[in-house]
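> Show me the folded form of this:
(one chain, ligands or ions: 1)
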Amino acid sequence: MADFHKADIEKLMDGVLPWPATQDMLRSPKDEDRFDKYVEILQSRVPWDDQILLPLTPMLFIVAKNGERLVKCKCGQEFGDYRVNWKLSALIHVRDDEKSLSEIYKGRELPDPRWTQVREYICPGCGSQLEVEAVPRGCPPDFEFLPDLDTFYREWLGRPLPDEAEYVDKTLDTIKEWS
Ligand SMILES: [Zn+2]
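I've put the predicted structure just below:
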């Protein structure tokens, strides 16, 4: 088996979404080492020390911090428990009229603003655009990726995390607390 050097991993990482990149690296047995190198590279690219458990997007990571698992931006901004959709803690810019939509869509591509809105999720810490979604009006924020962290570490990497926790979407609990 070809040796996966750190530089190769680094190349593979750039321009690829984190989860497919992770899966690519773990296709054959004994590949856990690649994942560790991958995380090592990610860790060297962020200015903080909290342990990265899994990258979510090129900007966002699930980290271990004081016994909790949080979503954290490259810049250090924290978005709370990873089982709650991080978008609830982001700044949201909504395009829902012809004028604002026509800034990003041209001519016939322009969606009908009566039905569609585009939401841009912005990090309150660094102002980076973290995600964009085009959804029907009134549709709740899409929770794209809630990874089963414990199964991943236990089954794929063969080393369970010390603090196994319930794998459940807690987004609605948070929304209930608001009312
Ligand atoms: Zn940020």
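> Does S89 touch F79 like I think?
Yes - when contacts are counted by C-beta atoms under 8 Å, S89 is listed as touching F79 (4.4 Å). C-beta coordinates here come from the backbone N, C-alpha and C atoms, glycine included.
> Tally up the residues packed near P136, please.
Using other C-beta atoms under 10 Å, P136 has 8 other residues around it.
> Tell me how far it lies from G76.
Separation of P136 from G76 (C-beta to C-beta, to the nearest Å): 34 Å.
> Same question for E144.
22 Å.
> again, but for W48
From W48 to G76 the distance is 5 Å (C-beta to C-beta).
> Mind listing what's buried along stretch 96-113?
By 16 or more other C-beta atoms under 10 Å, the buried positions in stretch 96-113 come out as L101, P113.
> make that stretch 110-125, sorry
For stretch 110-125, the neighbour count (16+ other C-beta under 10 Å) marks P113, T116, Q117, V118, R119, E120, Y121, C123 as buried.
> Within range of the ion, give me the residues from this protein.
C73, C75, Q77, C123, G125, C126 (C-beta under 5 Å from the ion).
> isn't the fourth one right up against S89?
Yep, that's C123 we're talking about. No - contact criterion C-beta under 8 Å: C123 and S89 do not qualify, at 9.5 Å.
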